[in-house]
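Engineer: turn this into a structure:
(one chain, ligands or ions: 2)
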Amino acid sequence: MRITEVNVRKMKMMMKSPFTTSFGTFQEKEFLLVEVKDEHGNSGWGESVAFHSPWYSEETVETNLHIIRDFLVPIVLENAIEHPDEVNELFSHLRKNNMAKSAVEGAIWDVYAKRKGIPLAQALGGTAEKIEVGISIGINENMQELIQTVGGFVKEGYKRIKVKIKPGFDVNVMRELRQQFPDVPMMADANSAYRLEDLDVLKQLDQFGLTMIEQPLASDDIIDHAKLQPHLKTPICLDESIHSLEDARKAIELGSTKIINIKIGRVGGLTEAKKIHDYCLEQKIPVWCGGMLESGIGRAHNVALTTLPNFVLPGDTAGSSRYWDEDIIVPEVTVQDGYITVPKEAGIGYAVNPEALDRFTIDKWQFVKHQELA
Ligand SMILES: O=C(O)CCC(=O)c1ccccc1C(=O)O
Ligand SMILES: [Mg+2]
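Structural biologist: Ligands and ions are numbered 1, 2, ... in the order given. So this is what the prediction gives:
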């Protein structure tokens, strides 16, 4: 396969409602899309999950643009690629910048599956025909509103409720939610807001029977999480700390994590995500697919990945309507009774809506392979 053209778009979409984490609030989502075209004119799509500012990780929309344009695009235009697993290898001499790599690699996976005429899920080795979904709910200091929000999503059928917590918005909130929803699988995501000294607070969360607590300690830590876990009944799940198979291996060996949240962008693409998945299956560590408030394109990649067998816990892959008044794919991703039906069409299985795509595009760049002399 030859990649003959790469198109990069900077997108801006308004989310239906503001999303608040322990870092702050945002409602406007800026992100990059990558389209690759092969020598037959097939096109594949990928999404960068880097945000406008570096609050979740050090990557941003602008750093991703730089890395994609100046380093990754030349590599994919200059090398023949037989299988998308080779892309990870082709990028391996460039350090980190995982979200940028993942956006390009994801587009190549999509175009590869389309050439083969098979769904991306099948190209990845996934078998599930439908996947279980949970939902992630941002911080809302108005308890009545939060209860209503949770209740609405429980009614819609979401299989597990994740609530963001931060110091001062934790034990009381989970107690109240547990009282209101005694039987709903619930978990809390701290996005690194605590330190070991907060042990007393974290221990109090044990009484609510949470399925896990996500990334309680520092975003680059695996040592203190290993110290924390023996003091908690609630399993720790790492998100921010895991960027590769090697990170996963070390965290599991240390006992820092009992569950892993796999985000394709954070680990540098689908090939690395699959490796982490396979290793966790061997190690009996359950995984689930995290979310980065993606548009339909990134969401479709998440759905495909989740069809692998060790994705045994509901992911943060909620339906399009949870985030957007109008998504950029058709059909939109829909959730029924807490499940997404995996599309059977080739590639990511959803078509990009060209009109919506253009409407939300604020800038674009085209890179074309130089003609080779005969
Ligand atoms: O609904 C989603 O896409 C996931 C929401 C979420 O929890 C999240 C959103 C943005 C950045 C980080 C996280 C996280 O999982 O920590
Ligand atoms: Mg998280």
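
Engineer: now do the phi/psi pair for F367.
Structural biologist: In terms of degrees, to the nearest 10, the main-chain angles of F367 are phi -130, psi 130.

Engineer: count the residues that sit near it.
Structural biologist: By the measure other CB atoms under 10 Å, the count of residues near F367 is 17. Glycine gets a C-beta too; all of them are placed from N, C-alpha and C.

Engineer: I'd guessed it sits against I75; true?
Structural biologist: No: at 11.4 Å, F367 does not count as touching I75 under the criterion of CB atoms under 8 Å.

Engineer: I'd guessed G265 sits against A103; true?
Structural biologist: Yes: contact criterion CB under 8 Å: G265 and A103 qualify, at 7.4 Å.

Engineer: so what sits against both of those two?
Structural biologist: Common contacts of G265 and A103 (CB atoms under 8 Å, 6 or more residues apart in numbering): S48, V49.

Engineer: is the helix or strand harbouring V104 in proximity to ligand 1?
Structural biologist: Here V104 sits within helix 98-116, counting by DSSP states H and E. No: using CB under 6 Å from any ligand atom, helix 98-116 stays clear of ligand 1, coming no nearer than 11.5 Å.

Engineer: which residue ranges of the protein form helices?
Structural biologist: 61-67, 73-78, 85-90, 98-116, 120-124, 143-156, 171-180, 199-204, 223-228, 245-254, 270-283, 296-305, 354-359 (DSSP state H).

Engineer: by proximity to ligand 2, which residue of the stretch 151-300 of the chain wins?
Structural biologist: Per CB to the ion, D239 is where the stretch 151-300 of the chain lies closest to ligand 2, at 3.6 Å.

Engineer: can you list the domain ranges for this protein.
Structural biologist: 3-117+352-372, 122-348 (automatic domain parsing).

Engineer: can you lay out those as a markdown table showing mean pLDDT?
Structural biologist: Below are those laid out as a markdown table (pLDDT from 0 to 100):
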| stretch | mean pLDDT |
| --- | --- |
| domain 3-117+352-372 | 96 |
| domain 122-348 | 97 |
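
Engineer: not counting sequence-adjacent ones, nearest residue to I137?
Structural biologist: V163 (5.2 Å; CB to CB, 6 or more residues apart in numbering).

Engineer: for the nearest residue to Y350 once chain neighbours are set aside, give me its contacts.
Structural biologist: Computed as CB to CB, 6+ apart, the closest residue to Y350 that is not its neighbour in sequence is I329, at 4.0 Å. For I329, the contact set (CB under 8 Å, 6+ apart) comprises S295, G296, I297, R299, A300, S320, Y350, A351, V352, N353.

Engineer: measure how buried the residue nearest to G268 when sequence neighbours are not counted is and give me the count.
Structural biologist: Spatially, and ignoring its direct neighbours in sequence, G268 is nearest to N98 (3.7 Å; CB to CB, 6+ apart). Residues near N98, counting by other CB under 10 Å, number 26.

Engineer: quick one: name the residues of this protein near ligand 1.
Structural biologist: Residues of the chain lying near ligand 1 (CB under 6 Å from any ligand atom): Y56, S136, D189, N191, D239, G290, G291, M292, L293, D316, A318.

Engineer: quickly list what the second one is bridged to.
Structural biologist: S136 has these beta-bridge partners by DSSP bridges: K162.

Engineer: circling back to that earlier point, and the contacts of I329, which are buried?
Structural biologist: Buried by 16 or more other CB atoms under 10 Å: S295, G296, I297, R299, A300, S320, Y350, V352, N353, out of those.

Engineer: who's in contact with the residue in the chain that ligand 1 sits nearest to?
Structural biologist: Nearest to ligand 1, among the residues of the chain, is G291, at 2.3 Å (CB to the nearest ligand atom). Shown here is G291, whose contacts under the criterion CB under 8 Å, 6+ apart are S136, K263, R299, N302, G315, D316, T317, A318.

Engineer: determine which two of those are furthest apart.
Structural biologist: K263 and A318 (14.5 Å; CB to CB).

Engineer: so the two - more neighbours on which side?
Structural biologist: Taking other CB under 10 Å, K263 and A318 do not tie; K263 has more neighbours (28 against 23).

Engineer: got the contact list for that one?
Structural biologist: Each residue near K263 by CB under 8 Å, 6+ apart is listed here: V49, D239, C289, G290, G291, M292.

Engineer: quick one: list the elements packing against the longest strand along the chain.
Structural biologist: As assigned by DSSP state E, the longest strand anywhere in the chain is strand 3-21. Strand 3-21 is packed against strand 24-38, helix 61-67, helix 73-78, helix 98-116, strand 361-368, with contacts defined by 3 or more CB pairs under 8 Å, 6 or more residues apart in numbering; DSSP states H and E.

Engineer: next, the angle from that strand to strand 24-38.
Structural biologist: 170 degrees (axes from the mean of the first three to the mean of the last three CA atoms, to 10 degrees).

Engineer: may I see the buried residues of stretch 163-179?
Structural biologist: In stretch 163-179, counting by 16+ other CB under 10 Å, buried: V163, K164, I165, K166, F169, D170, V171, V173, M174, L177, R178.
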